[in-house]
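need coordinates for the following:
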Amino acid sequence: LVDLAARGDSSDNGYPPYNIEKTGEGSYRVAMAVAGFARNELDLTVQENTLIVTGTAAEQVDGTNGEPRQFLHRGIAKRAFERRFQLADTIKVTNASYADGLLNIDLVREIPEHKKPRKVEIGGTATPSPVVDAPANEQGKIAA
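Residues are numbered from 1 along each chain as shown. Below you'll find the model as predicted:
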């Protein structure tokens, strides 16, 4: 998942900024700064192993007369964006929340049972197996 940060976005403009943090053993959070966006202007999609976050900026209108708002200075960026994050096969999106201008996306590493390490019991008999002296080949394997 550390590669997620390096491969995270398809655009180099850095907008919107985001953090990736480890929140526990096998759990992570992507926090994106999307101040000014309403929840319905944000979309989160997982397609194959790609997490896609998009924001669509609706035109801001004045609440009193319905006219578009006029800014004398606009320092708070609010423009449409799309961020893509390439996820490993074992990473799953478990939750997303939006509060105080931050979109938090929770991820968890789910390792399938067949890929988890398992302990193999060593069986034995009272008498050891005979050792056969055989010449080793170049890779150190015993030749038959």
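
excluding chain neighbours, what is closest to the residue most central in space within the chain?
For the chain, the residue nearest the mean C-alpha position is Leu87 (5.0 Å; Cα atoms, centre = their mean). The shortest distance from Leu87 to any non-neighbouring residue, by Cβ to Cβ, 6 or more residues apart in numbering, is to Asn49 (4.8 Å). Backbone N, C-alpha and C define where each C-beta goes, glycine included.

where does the protein dip in pLDDT?
Where the chain drops to pLDDT under 70, the residues are 1-12, 59-64, 126-144.

all strands of it, in order?
Ranges of strands in the chain, per DSSP state E, are 18-24, 27-33, 42-47, 50-55, 81-86, 91-99, 102-109.

OK, contacts around Ser97?
Shown in contact with Ser97 (Cβ atoms under 8 Å, 6 or more residues apart in numbering): Leu103, Asn104.

could you measure it against Lys115, distance?
Applying Cβ to Cβ, to the nearest Å, the value for Ser97 to Lys115 is 30 Å.

the residue nearest to the centre of the chain against Leu51, yeah?
Yes - at 5.6 Å, Leu87 and Leu51 qualify as touching, with contact defined as Cβ atoms under 8 Å.

the residue nearest to the centre of the chain and Thr54, how far apart?
Per Cβ to Cβ, Leu87 is found 16 Å from Thr54.

got it, and Ala33?
The spacing between Ala33 and Thr54, counted by Cβ to Cβ, is 15 Å.

ditto for Pro117
To Thr54, Pro117 is 38 Å away according to Cβ to Cβ.

out of these two, which sits in the busier spot?
Taking other Cβ atoms under 10 Å, Pro117 and Thr54 do not tie; Thr54 has more neighbours (14 against 6).

which residues does the more buried one bridge with?
Going by DSSP bridges, Thr54 is paired in beta bridges with Asp43, Glu82.

so what's it up against?
Contacts here follow Cβ under 8 Å, 6+ apart; on that basis Thr54 touches Leu42, Asp43, Thr45, Ala80, Phe81, Glu82, Arg83.

excluding chain neighbours, give the residue nearest to the first one in space.
Excluding its sequence neighbours, the residue lying closest to Leu42 (Cβ to Cβ, 6+ apart) is Gly55, at 5.4 Å.

quick check: the one you found touching Ala80?
Yes - using Cβ under 8 Å, Gly55 makes contact with Ala80 at a distance of 6.1 Å.
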